[in-house]
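Undergrad: Quick one, what's the 3D model for this:
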Amino acid sequence: QVQLAESGGGLVQPGGSLRLSCKASGFNLDYYSIGWFRQAPGKEREGVACIGYSDSFYADSFKGRFTVSRDNAENTAYLQMNSLKPEDTAVYYCATDPAFTCHNYLHIPEIDYWGQGAQVTVSS
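TA: Have a look, this model is predicted:
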């Protein structure tokens, strides 16, 4: 069964850091691009970052603060979030499928496989 399992969310103070994990099961993540998205209360889902086989992309709001990475041996992708702000509070999702590429991740394309979401709350 194809599944993406997210972990690592939580409550953090402004300026703090969190690392989200996205572990794939039922398929080999090696050659897939993985998109990270988030949805804040009352807002539409937005693209955060994307990692391809050998490159990565970031929406402007996250450049210099967030870093995507992958460990193919662990079949896992990561989103390292630093210098967190209260406006980063949202549910964060990872997503992928065989046809997904980072080329259009900012447009939130139709993607077949989504993680369950990880709540990130930035508050003092």
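Undergrad: What's the local residue count around residue 84?
TA: If you count neighbours by other C-beta atoms under 10 Å, residue 84 ends up with 21. Every residue, glycine included, has its C-beta placed from N, CA and C.
Undergrad: which SSE is the nearest residue to residue 67 once chain neighbours are set aside in?
TA: Nearest non-adjacent residue to residue 67, counting by C-beta to C-beta, 6 or more residues apart in numbering: residue 80, 4.4 Å away. Using DSSP states H and E, residue 80 maps to strand 76-81.
Undergrad: Report the buried residues of that strand.
TA: 76-79, 81 (16 or more other C-beta atoms under 10 Å).
Undergrad: Dump the helix or strand residue 95 falls within to PDB, restricted to CA.
TA: Per DSSP H and E, residue 95 falls inside strand 90-96. In PDB, the C-alpha atoms belonging to strand 90-96 read as follows (Å, rounded to 0.1, in the frame of the first residue of the first chain):
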ATOM      1  CA  ALA A  90      -0.200  25.700   9.500                       C
ATOM      2  CA  VAL A  91      -0.600  22.100   8.600                       C
ATOM      3  CA  TYR A  92       2.300  20.900   6.500                       C
ATOM      4  CA  TYR A  93       2.000  18.200   3.900                       C
ATOM      5  CA  CYS A  94       4.300  16.200   1.700                       C
ATOM      6  CA  ALA A  95       3.100  14.900  -1.600                       C
ATOM      7  CA  THR A  96       4.300  13.000  -4.600                       C
END
